[in-house]
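*Asks:* how would this look folded up:
(2 chains)
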Amino acid sequence: MKPKIIVVLGPTATGKSDIAVQIAKKFNGEIISADSRQVFKGMDLGSGKITKKEMLGIPHHLLDIANPKNFFSVVEYKELAEKAIEKILAKGKMPIICGGTGFYIDSIVKNITLPEVKLNQKLRNKLEKYSAEKLFEILEKLSPARAKNIDRKNKVRLIRAIEIAKSLGNVPEIIEGPKKYDFIIIGLDAKDNVLKERIEKRLLKRIKLGMINEVSRLHKQGVSWKRLESFGLEYRQTALFLQKKITKAEMIENLKREIWHFVKRQRTWFKRNKNIKWFEPKQILPIIKQVKISLNKKVC
RNA sequence: GCGCCGGUCGUAUAGUGGCAAUUACACGAGACUGUAAAUCUUGCGGCUUCGGCCUUCGGGGGUUCGAGUCCCUCCCGGCGCA
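*Replies:* Below you'll find the predicted structure:
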């Protein structure tokens, strides 16, 4: 029998972190974060990272493992997450993956093997000057197979594909490996108006707790404005505010809107996965109590 | 009361006689081969057998082959003078 892993996913502001902690308490688990921003050290308030206190003694993995100045990708994430899974299982405990980065979660759940190609800044600087059409032509020559299914207007993807092709000779096919684990996937989502309210409340709280200082500190530590803006949402808007490109009121307005857009994108991603069992945040805790026994035998 | 300016898809705008009509934002739908909170695509008057058909630019009337665009009039808003 394959080891069981619980996954807690869903759009932002649904209370995933707290619920994951409750689940971990119930099933003797440890938590592996699946969040593309919380991996970075020093990015706490802006990314909504769980605090030491909120962890209630449950060990958390894959938080604060990367330097925001450096490139981090799903390849590294997958490698580290699998190591964490094995470590937790070796202790006889239950791994619980929790986060909102669909791509990171899928890399584990689908066991996707991706080529490990380091970032080549020199090449990127050169490629960034080209138009999408030009980049597509270059890729077509290097890797016709990849050119066939790539989004030909998406420069970010085109540049990455060329980078991989230049390093490996072509862009290898993606491989979905054998399933090593049994995943129980719990999705958390709430009604639009409930979520919007939570988003606003949470945002104002973060600002009060010092989110702007956090971004300012990151910049002083050498994280460029460009890099901060590339993180999106809180980091982008706060960076714009600190550079006096927008006012504080504009920053808050933009954030409310963009976080909502983000929710929509997350939902679009998760919609494809038919194995997700969806719940409202408030109904999940009583259910967790009930499935206590059945989880040890069979899937709930 | 007089004078001037203005009223166009949710909002802001373009359009001064010739194709449902620009652009931005919002809103909706979606992609995802590896920077994923990023990046990208797409719809947005209605209907459609995808060829078209119908209804639209404050209201009404008029000029014209043809009006968002010109004229008259009414309504509404802003500014100026009384």
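
*Asks:* pLDDT wise, what is the closest residue to RNA strand B within chain A at?
*Replies:* Going by CB to the nearest atom of the strand, RNA strand B is nearest to A:Gly232 of chain A, at 2.3 Å. (Each C-beta comes from the backbone N, C-alpha and C, glycine too.) As predicted, A:Gly232 sits at a pLDDT of 90.

*Asks:* just give the number of residues close to it.
*Replies:* 14 (other CB atoms under 10 Å).

*Asks:* relative to A:Lys271, how far out is it?
*Replies:* Separation of A:Gly232 from A:Lys271 (CB to CB, to the nearest Å) stands at 21 Å.

*Asks:* which stretches of the stretch 51-200 of chain A form strands?
*Replies:* Per DSSP state E, counting those that start in this stretch, the stretch 51-200 of chain A carries strands over the ranges A:60-61, A:94-99, A:112-113, A:175-176, A:182-188.

*Asks:* which outside residues touch the second one?
*Replies:* For strand A:94-99, the external contacting residues (CB atoms under 8 Å, 6 or more residues apart in numbering) are A:3-9, A:16-17, A:20, A:23-24, A:27-35, A:38, A:81, A:84-85, A:88-89, A:105, A:108.

*Asks:* again, 7 Å this time
*Replies:* A:4-9, A:16-17, A:20, A:23-24, A:27-35, A:85, A:88-89, A:105, A:108 (CB atoms under 7 Å, 6 or more residues apart in numbering).

*Asks:* and for the third one?
*Replies:* Contact partners of strand A:112-113, identified using CB under 7 Å, 6+ apart, comprise A:Asp106, A:Ile174, A:Ile175, A:Glu176, A:Gly177.

*Asks:* those residues, buried ones only, as a PyMOL selection?
*Replies:* Of these, the buried ones go into a single PyMOL selection, burial set by 16 or more other CB atoms under 10 Å:
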select buried, chain A and resi 106
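
*Asks:* quick one: secondary structure of the nearest residue to A:Thr247 once chain neighbours are set aside?
*Replies:* Spatial nearest neighbour of A:Thr247, chain neighbours left out: A:Phe241 (7.3 Å); criterion: CB to CB, 6 or more residues apart in numbering. Assigned with DSSP: H, G, I helix; E, B strand; the rest coil, A:Phe241 falls in the helix class.

*Asks:* was I right to think A:Phe241 contacts A:Lys248?
*Replies:* Yes - the criterion here is CB atoms under 7 Å, and A:Phe241 meets it with A:Lys248 at 6.0 Å.

*Asks:* what parts of the stretch 1-150 of chain A come near RNA strand B?
*Replies:* A:35-38, A:46-48, A:71-75, A:100-104, A:112, A:114-115, A:117, A:119, A:124, A:146, A:149-150 (CB under 7 Å from any atom of the strand).

*Asks:* buried subset of the residues you listed?
*Replies:* Buried among these (16+ other CB under 10 Å): A:35-38, A:46-48, A:72-75, A:100-102, A:104, A:112, A:117, A:146, A:150.

*Asks:* where's the residue of chain A closest to RNA strand B relative to A:Ile259, distance?
*Replies:* In terms of CB to CB, A:Gly232 sits 10 Å off from A:Ile259.

*Asks:* could you count how many residues lie near the residue nearest to A:Thr247?
*Replies:* 21.

*Asks:* roughly how far does A:Asn39 sit from A:Ser73?
*Replies:* Residue A:39: Val, not Asn. Taking CB to CB, one finds A:Val39 at 10 Å from A:Ser73.

*Asks:* now the helices for the stretch 151-300 of chain A?
*Replies:* Using DSSP state H, counting those that start in this stretch, the helices found in the stretch 151-300 of chain A span residues A:155-168, A:192-209, A:211-220, A:225-230, A:233-242, A:248-271, A:281-290, A:294-297.
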